[in-house]
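>>> build me a model from this:
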Amino acid sequence: MQQTKASEQQRMTKGVVFTLSLSMLLASLGTSIVNIALPALAEAFSAPFAEVQAVVVIYLAAMTVSVVIAGRLGDRFGLKPMLQTGLGLFCLASFASAFAQDLWWLIAARALQGVGAAFLMTLSMALMRQMASQSRIGRAMGLLGTVSAVGTALGPSLGGLLIPVAGWQGIFWLQIPVTAISLLLAVVILPDDVARKQTAAASMRSVFNTALVASLVINLLVAAVMMTTLVVGPFYLGFRLELQINQIGFVMAIGPLLSIISGVPSGRLVDVWGSRRVLSLGLILLAAGAFLLAFLPNTIGLAGYISSIILLTPGYQLFQAANNTAALADVPREQRGTASGVLTMSRNIGLITGASIMGVVFSAGVGTKNLADATSEAIGQGMQLVFLFSGTMMIAAIAVNIAAGRRRRESLTREQP
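Predicted coordinates:
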């Protein structure tokens, strides 16, 4: 009898993990799958790059505005029903995007999709943290980090395969059945006792502490650098290295493959070494990878680009597992939705920075806003400038981490009798 119960519990746990992972994958996929379609959208709607880029930025902006609200609604009305609400919004927005007749319709539909993604990303993390045992928190966060990175980096490769066959609409048709399956799984598999009865949501001030603030700042900087690789990468690979769109997709699929390999081991390392050590190691690898991207691709071409990504991606996975674990470590159960929302918000602000401000830095390095008219050498100069800037941001993240660790040690010393 006990064996049967344990077996049912194990199956339920695997089903819950799969459901939450699929929701996280959808939110991350929505972030990046449109990037590779920007040239096709510019052609289809006869719009300049700055206007077409709004299709990416509005999704991130809507998600950023909504994540804390999603977390607080989850704390108040239950994490499960709010996750289901987010999946419904995401599916509806995917339909609207696929049927868009002009660019502004598409931008509006992407805004709604971003709101749905805020619920998916925030509440998946909160639910995973709530259900993980104390000894496996790092692995749970590592798994979500893997799925998030896979979704973000898998987007360009999937888009590269779909666009030649189904046009730019194909990237949205793909998301509709996957979202519907995820919603069905959320209704059937997620246990009802995860949902909480209505209570007053925790105040925002009560959620913040020194460690969380440091995690938020570092999270923002790292997300900006990772988004920069997704925005700048297709242009560099296409205009500088002259790869075809399907080749660009395959090159950018290297990141997801490394994420699959390194994500869960990163979480296990957090459980063994502790989040602080793994966080430091991840930031060092991210800084090294960013500086290599500034020099190696222009020096040895595609091999240099791939070598830099091979270093950067495991660093990101180590960072994700460690930072998410550290940020939510001391958060009470009734505040996890809000804390997850704030953490996701910082990531999304970083993604917006990577998609917009870092795009401006890239264009400044190239010397023109019309990248299609730029020379190969100018694209290389833009690549170098934007990743020198990215490497500097990672140095700043390391400094914030060191300062936070010092304050934490001083606080522990004062508390000792």
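
>>> low-confidence ranges, the stretch 301-417 of the chain, go.
For the stretch 301-417 of the chain, the stretches with pLDDT under 70 are 328-337, 372, 411-417.

>>> can you map out the helices along it?
Remark: helices assigned in the stretch 301-417 of the chain by DSSP state H, counting those that start in this stretch are 302-328, 336-355, 357-366, 376-415.

>>> tabulate those helices (a markdown table), appending distance to Leu158.
Bear in mind the C-beta positions are built from the backbone N, C-alpha and C, glycine included. What follows is the helices of the stretch 301-417 of the chain, written out as a markdown table (distance: least, Cβ to Cβ, whole Å):
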| stretch | distance to Leu158 |
| --- | --- |
| helix 302-328 | 17 |
| helix 336-355 | 18 |
| helix 357-366 | 22 |
| helix 376-415 | 24 |
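
>>> of all those helices, which one is nearest Ala61?
Counting by Cβ to Cβ, Ala61 lies closest to helix 336-355 out of the helices of the stretch 301-417 of the chain; the figure is 6.1 Å.

>>> circling back to that earlier point, deepest-packed of the helices of the stretch 301-417 of the chain, please.
Relative to the other members of these, helix 336-355 carries the highest mean neighbour count by mean count of other Cβ atoms under 10 Å, namely a mean of 27.

>>> ok, Gly301 to Ala37 distance?
Between Gly301 and Ala37 the distance is 25 Å, computed by Cβ to Cβ, to the nearest Å.

>>> quick one, which of these two is more surrounded?
Ala37 (27 against 12; other Cβ atoms under 10 Å).

>>> so for that one, what's the pLDDT?
Model confidence at Ala37, expressed as pLDDT, equals 80.

>>> quick one, what contacts the nearest residue to it once chain neighbours are set aside?
With Cβ to Cβ, 6 or more residues apart in numbering as the measure, Trp168 is the residue that lies nearest to Ala37, at 4.6 Å, once sequence neighbours are left out. Trp168 makes contacts with 37, 40-41, 44, as judged by Cβ atoms under 8 Å, 6 or more residues apart in numbering.

>>> most neighbours out of those, which is it?
Ranked by neighbour count (other Cβ under 10 Å), the contacts of Trp168 have Ala37 at the top, with 27 neighbours.

>>> so where's the stretch 101-250 of the chain uncertain?
Of all residues in the stretch 101-250 of the chain, those with pLDDT under 70 make up the ranges 131-142, 145-146, 149, 152-153, 193-211.

>>> leaving out chain neighbours, which residue sits closest to Leu296?
The spatial neighbour of Leu296 that comes closest, neighbours along the chain excluded (Cβ to Cβ, 6+ apart), is Gly304 at 3.0 Å.

>>> so the one you found sits against Pro297, correct?
Yes - Gly304 lies in contact with Pro297 (Cβ atoms under 8 Å); the separation is 4.4 Å.

>>> can you put the contacts of Trp168 in TSV and add distance to Pro314 and secondary structure?
Supplementary listing: these in TSV, determined by distance: Cβ to Cβ, whole Å; DSSP: H, G, I helix; E, B strand; the rest coil:
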residue	distance to Pro314	secondary structure
Ala37	28	helix
Ala40	32	helix
Leu41	32	helix
Ala44	37	helix
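
>>> wait, which of the residues you listed is closest to Leu279?
Comparing the contacts of Trp168 against Leu279 with Cβ to Cβ picks out Ala37 as the nearest, at 34.2 Å.

>>> the closest one contacts Ala166, correct?
No - the pair Ala37 and Ala166 does not pass the contact test of Cβ under 8 Å, sitting 11.0 Å apart.

>>> show the secondary-structure elements that the helix or strand where Ser124 lies is packed against.
For Ser124, the enclosing helix or strand under DSSP states H and E is helix 103-131. Helix 103-131 is packed against helix 2-32, helix 54-77, helix 79-98, helix 137-166, helix 302-328, helix 336-355, with contacts defined by 3 or more Cβ pairs under 8 Å, 6 or more residues apart in numbering; DSSP states H and E.

>>> buried stuff in that helix?
When neighbours are counted by 16 or more other Cβ atoms under 10 Å, the buried residues of helix 103-131 are found to be 103, 106-131.

>>> could you do stretch 259-275 as well?
259, 262-271, 275.

>>> also stretch 272-292?
Judged by neighbour count using 16+ other Cβ under 10 Å, the buried positions of stretch 272-292 are 275-276, 278-283, 285-292.

>>> also stretch 162-180?
Neighbour-count burial for stretch 162-180 flags 162-163, 168-172, 174-176, 178-179 (criterion: 16+ other Cβ under 10 Å).

>>> now distance to Phe250 too, for those, in TSV please.
Formatted as TSV, the entries for the buried residues of stretch 162-180 read as follows, by distance: Cβ to Cβ, whole Å:
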residue	distance to Phe250
Leu162	14
Ile163	14
Trp168	19
Gln169	22
Gly170	17
Ile171	17
Phe172	22
Leu174	17
Gln175	21
Ile176	25
Val178	21
Thr179	26
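
>>> these in helices, which ones?
Cross-referencing the buried residues of stretch 162-180 with the helices (criterion: DSSP state H) gives 162-163, 170-172, 174-176, 178-179 as the overlap.

>>> most widely separated two among those?
Across those, the two members that end up farthest from each other (Cβ to Cβ) are Ile163 and Thr179, 19.8 Å apart.

>>> touching, Ile379 and Leu241? I think so.
No - taking contact to mean Cβ under 8 Å, the distance of 9.1 Å between Ile379 and Leu241 leaves them out of contact.

>>> that older thread, tell me the one of the buried residues of stretch 162-180 nearest Leu29?
Taking Cβ to Cβ as the measure, Gln175 is the one of the buried residues of stretch 162-180 closest to Leu29, at 7.0 Å.

>>> how far away is that closest one from Ala93?
Using Cβ to Cβ, one gets 9 Å for the distance from Gln175 to Ala93.
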